[in-house]
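Undergrad: Sequence first, then the predicted structure:
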Amino acid sequence: MTEQLPTAEPAYDVIGPLDTDAYAVFADLSEEDLALQRAARAFLTPEVQKTLQDAWDTGEYPTQLIAGLAEADLLRDGVEIDGRATPSRLASGLASMELSRVDGSLATIVGVQGGLAMRSIQMCGSAGQKQKYLPAMAAGELFGAFALTEPTHGSDSVSLQTTATPVDGGWRIDGHKKWIGNGAAGGVTVTWARSTEDGQVKGFIVQQDAEGYSAEVIRGKMALRAIHQALITYDGVFVPEADVLPEATSFKSTAAVLFATRLGVAWSAVGHAVGCYEAAVQYAQQRVQFGRPLAESQIVQERLARMLSELTQIQLLVLRAAQLEDAGRLTGPQASLAKYSATRTARSIAANARDLLGGNGILIENEVGKHFADLEAIHTYEGTETVQALIVGRDITGTGAFA
């Protein structure tokens, strides 16, 4: 008589949306504000999600998804373009949250292309530059990168060493940049460099096929594996006057762009938190241990309640911050506090979800492991937790403590 084999482990369905909103935080929003989130939900088909899982697994950039993002008007992160309606910052935040609920690399693609590269041109560029570059970038026809961080200047970005030297007909750029999303994608790189003429930081639109521009994709990343980031070398790269950003005249211009995108990172963190929490809820209902579903265990219910409490707090936080931003009243310290709180809390939720899923929590197909890793990246970029804390601390005390 053949011995009966143990029952095989079932497949778990944990990545479907539950629309978690314990305090009806988003219940009274307008259809106009919800439109982009719904467009993102429609874009994130099972086929797209599988493509993203495979890309994250192999560390490749799924550029075949760019056209779909552009078609859904998800690629510009709310940047104003002539002839197109401009969504509210709340609408753009909701879209970022929805994309991050599924994949952080996807949200970062939008954050780099729209939030940083396009927004730099929109805020600091001439009318001609906006007309030339923004429509093509919004349509996904031209990749955009934002190059500020350097190999030896991350948080201390104000001390950047890449130089811009005036020459006949334009400027010559020399130096290095690191961790530059889309930096090797074959488009343009908005580059921040210090003028050798007056010592001020200025902005330049650099063609990635320019002589002297070389970019190497950074391999071996443990996070945001489905977007390529580059180490860039500028060796006497010539930038014509037509591609100098006229309103980017000091580091204050750079900081203004970063301020305008910082809240988007907080929204992204909330999206990761939602993805982790909802996966944990669904797994707890399906996974049987000790003869019953995990959801029937007191300790599991307590953990889910804790995660929901944390998630609700940051949902309320980013909603209020977006309302302030749309009203023109959001301050720099408020944006920093939102980023600081949302990323820190999302990491806590991700850690609990990963633990609750046990070994299955590190499988890419269950998403939680991806979120857990990707949160480490967004916790760092756009200003680390420490830098955000120092911005808030300076506002509290009236004293800067960056040194």
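TA: Yep, it's here. Numbering: from 1, shown residues only.

Undergrad: end-to-end on stretch 200-214?
TA: From its first residue to its last, stretch 200-214 covers 24 Å (C-alpha to C-alpha, to the nearest Å).

Undergrad: got the buried residues for that stretch?
TA: 201-208, 210, 213 (16 or more other C-beta atoms under 10 Å). (C-beta placed from N, C-alpha, C; glycine too.)

Undergrad: Could you do stretch 297-315 as well?
TA: Buried-residue list, stretch 297-315, by 16+ other C-beta under 10 Å: 300, 303-304, 307-308, 310-312, 314-315.

Undergrad: now do stretch 170-189
TA: Within stretch 170-189, judged by 16+ other C-beta under 10 Å, the buried ones are 170-185, 187-189.

Undergrad: And for stretch 384-403?
TA: Quick answer for stretch 384-403 (16+ other C-beta under 10 Å): 384-385, 387-394.

Undergrad: For the closest residue to V201 other than its chain neighbours, list the residues it contacts.
TA: Excluding its sequence neighbours, the residue lying closest to V201 (C-beta to C-beta, 6 or more residues apart in numbering) is F251, at 4.3 Å. Residues near F251 by C-beta atoms under 8 Å, 6 or more residues apart in numbering: 158, 200-201.

Undergrad: quick check, nearest of the residues you listed to Q286?
TA: Distance to Q286 across the contacts of F251 (C-beta to C-beta) is lowest for V158, with 49.9 Å.

Undergrad: give me phi/psi at the closest residue to the closest one other than its chain neighbours?
TA: In this structure, V158 finds its nearest non-sequential neighbour in F251, 5.3 Å apart by C-beta to C-beta, 6+ apart. Here is the backbone geometry of F251 (degrees, to the nearest 10): phi -60, psi -20.

Undergrad: For G128, pull up the helix or strand it's in.
TA: Here G128 sits within helix 127-138, counting by DSSP states H and E.

Undergrad: show me where the chain has helices.
TA: Using DSSP state H, the helices found in the chain span residues 31-43, 46-58, 66-71, 89-102, 104-110, 119-124, 127-138, 251-286, 298-326, 332-356, 368-378, 385-397.

Undergrad: What mean pLDDT does the fifth one get?
TA: Read it as helix 104-110. The pLDDT scores in helix 104-110 average 96.

Undergrad: What helices and strands are in contact with it?
TA: Counting contacts by 3 or more C-beta pairs under 8 Å, 6 or more residues apart in numbering; DSSP states H and E, helix 104-110 packs against helix 46-58, helix 66-71, helix 89-102, helix 251-286, helix 368-378.

Undergrad: From E278, how far off is the nearest residue to R306 once chain neighbours are set aside?
TA: Closest residue in space to R306, ignoring its immediate chain neighbours: N352 at 7.0 Å, by C-beta to C-beta, 6+ apart. Counting by C-beta to C-beta, to the nearest Å, the gap from N352 to E278 is 13 Å.
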